[in-house]
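Engineer: here is a sequence together with a model predicted from it:
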Amino acid sequence: MTGGLEPGRSRDAAGVLAERDAIQANLLELDGSFVKQMLDGAVLTGQTRVRWSAASAALAGLWETFLAYSAVVDRIAALAGDGRRPSRRELPELTGLLTGGCVMLPDGAGVVGPGSAGVGAAGASGTGVGLAGPGHRDLVSRGRPPVTLATAVAAMRRSFTAVTDVTSAVEAVWAVLGPSLDAAEASLAARRALVPGLGADIEQAFHDADDALAGLRSDSNTDPLAFQRDGGRVDTAAADALAAQAAALGARAAELDRLRTRARSRIDALAGAAGTARAERRDAIAAVSKAAELVTVAMPALSASSEVAEPRLAGLSALAAGGHWDRLQAELDRGEAELAAAAGQTAEIRRAAEAALGRREELRGLLSAYKAKAARLGASEDPSVAARYDQAQALLWSAPCDLTAAAAAVSDYQQAILATERRR
C-alpha cells in the first residue's frame, strides 16, 4: 500500500518546490523594487512613517519565516526532488513534512494559525533552520507547536499583502502626483532664464512657485500617504493648481519677453532662415544636377527658381532702431512669406530629383524580381526573353538612364515572363 502513494507524494513535493520558488521570486522582486528602496532610503514622516515602519517589520519577519519554511522545503527536495521516488523508509518523513506540523517558526513570528495578523522580526539561523523537532528548539523557546507548510504560506501571504498594500499605495500616489509636479517644474524651467529684468512682480511669482514646488516634492517624498484619501483616491488639488499656476507664469514670462525681444529676434531669425534657405537651395540644385547625370527625365527649370532673395536686413534694423513697429511688422511678414515660398520651391526641386532616382531603383528592383521569376519558370534561356532582359538592363544601368525607355523595356520583359507563365 505504501508504495502506491509514492508517485502522489512525489507530485506533492514538486508542487511544494514550485511554490517555494514562486514565493522567493516575489520576495526578491519586492525587496529590489524602486518603491521599497526609496522608502528605505527616505526620512519619512506622518502616516507613511507609521505604516512603513510596520510594513518593514512585517517584511523582516516574512523573510525569517521564509527561511524556516525554506529549510523544510529543502529537506523535501532532498527526499523527493527532481522526480526522485522516496524509499519506504523515507516515505513517512516525507509525508509528515508535506502534511503535518513541520515548520518551526522563529521566536516572535506571529503565524501560529490562520487568524494571525503578521510575522515578527526575530530570526533563526544555523543548519536545519525551521525543521520541527526537540533538537532544534531554543533554550528559551515557549514550546510553540510547529505549523504546516500551508499555514506558513498563508501567514507569509498575509504579511506580503500587508507590505505590498503600503508600497502599492505609495506608488499610486507618486504615479498620480508626478505628472502635475513634473509639468509645473517643466513650465518654470522652460521660462526661468527669461525672468531677470522682466519686473519685480513676475520675479517674485516665480520665486514663490519654486518654493511651492519644492514643498510639494518634499511632502510627496517624505509622507506620500498623506495625499491619499478614502477609497484610495489621491488628492491632486495642490499639485494641479501649481501646474496651472506655473503654466500661466511661463506664458506670461514668454509674452513679456516677446515684447522685449520681438523685433531683434525676428530680424535675426529672418537672417538665419535666409542663410538656411540658400544652403538648402544649393543642395537641392546639386541633387538635381546629380540626378540629371544619372537619369533622363523632366526636371524643374532652375533658371527661374535658382535664387533665394536676400532680405533687406539693414532696412529692418533701421526700422527697429527708429521704433517703426508697424512698418517693421509688415516688412518682416513679407520677408518671411518670401522665404516660405522659396522653401516650397526648394522642396519641389529636391522631390523631383529624389523621385527620378527612386523610379530608376524601382525599375531595377522590378527587373530583378522578374529575372528570378524567369529562372523559376525555366525561361531564362529563351533567346527572346533573354534579349528583352538585356535591353532593359542596358537601359537601367546606363548613364544617363532614359526612364521612359527603361520603363517600357521592363514592361516588355515582364509581359514576356507572364506570357510564359500562362503557357505553362
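Structural biologist: That came through, no problem. Residues are numbered from 1 along each chain as shown.
Engineer: can you pull out the strands in the stretch 51-200 of the chain?
Structural biologist: Counting by DSSP state E, counting those that start in this stretch, the stretch 51-200 of the chain has no strands to list.
Engineer: show me where pLDDT drops low in it?
Structural biologist: Scanning the stretch 51-200 of the chain with the threshold set as pLDDT under 70 gives 81-84, 86-87, 106-144, 198-199.
Engineer: the helix or strand that contains Asp201 packs against which elements?
Structural biologist: Using DSSP states H and E, Asp201 sits in helix 200-222. Packing partners of helix 200-222 (3 or more CB pairs under 8 Å, 6 or more residues apart in numbering; DSSP states H and E): helix 149-191, helix 237-294. Heads up, the C-betas are built off the backbone N, CA and C, glycines and all.
Engineer: tabulate those (CSV), appending distance to Ala369 and mean neighbour count.
Structural biologist: Listed next are those as CSV, based on distance: least, CB to CB, whole Å; neighbours: other CB atoms under 10 Å:
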stretch, distance to Ala369, mean neighbour count
helix 149-191, 51, 19
helix 237-294, 21, 16
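Engineer: dump the residue contacts of Gly100.
Structural biologist: By CB atoms under 8 Å, 6 or more residues apart in numbering, the contact set of Gly100 is Thr148.
Engineer: please state the offset of stretch 149-158 from the chain centre?
Structural biologist: Its chain's C-alpha centre and that of stretch 149-158 lie 36 Å apart, by CA atoms, centre = their mean, to the nearest Å.
Engineer: nope, stretch 253-268 is what I was after
Structural biologist: From the chain centre to the centre of stretch 253-268 is a distance of 37 Å (CA atoms, centre = their mean).
Engineer: ok, stretch 368-381 next?
Structural biologist: Its chain's average C-alpha position is 47 Å from that of stretch 368-381, according to CA atoms, centre = their mean.
Engineer: show residues contacting it.
Structural biologist: Stretch 368-381 is contacted from outside by Val385, Ala386, Tyr389, Val410, Tyr413, Gln414, Ala416, Ile417, Thr420, Glu421, Arg424, using CB under 8 Å, 6+ apart.
Engineer: give the buried residues for that stretch.
Structural biologist: Within stretch 368-381, the residues scored as buried using 16 or more other CB atoms under 10 Å are Tyr370, Lys371, Lys373, Ala374, Leu377, Ala379.
Engineer: okay, those in CSV with pLDDT and secondary structure next?
Structural biologist: CSV is the format used below for the buried residues of stretch 368-381 (pLDDT from 0 to 100; DSSP: H, G, I helix; E, B strand; the rest coil):
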residue, pLDDT, secondary structure
Tyr370, 84, helix
Lys371, 85, helix
Lys373, 86, helix
Ala374, 84, helix
Leu377, 83, helix
Ala379, 79, coil
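Engineer: of the contacts of stretch 368-381, which is the nearest to Ala212?
Structural biologist: Using CB to CB, Val410 comes nearest to Ala212 of the contacts of stretch 368-381, at 69.4 Å.
Engineer: thought that closest one was touching Leu367?
Structural biologist: Yes - counting by CB atoms under 8 Å, Val410 does reach Leu367; the two are 5.2 Å apart.
Engineer: identify the contacts common to these two.
Structural biologist: Common neighbours of Val410 and Leu367 (criterion: CB under 8 Å, 6+ apart): Ala392, Leu396.
Engineer: the more surrounded of these two?
Structural biologist: Val410 (24 against 20; other CB atoms under 10 Å).
Engineer: got the confidence number for the more buried one?
Structural biologist: Looking at Val410, its pLDDT is 88.
Engineer: now do the SS call for it.
Structural biologist: Secondary structure, DSSP: H, G, I helix; E, B strand; the rest coil: Val410 is helix.
Engineer: phi, psi for Pro146 please.
Structural biologist: With angles defined as degrees, to the nearest 10, Pro146 sits at phi -70, psi 160.
Engineer: with Cys401 instead?
Structural biologist: The phi/psi pair for Cys401 (degrees, to the nearest 10) reads phi -90, psi 130.
Engineer: spatially nearest residue to it (excluding sequence neighbours)?
Structural biologist: Closest residue in space to Cys401, ignoring its immediate chain neighbours: Val295 at 4.7 Å, by CB to CB, 6 or more residues apart in numbering.
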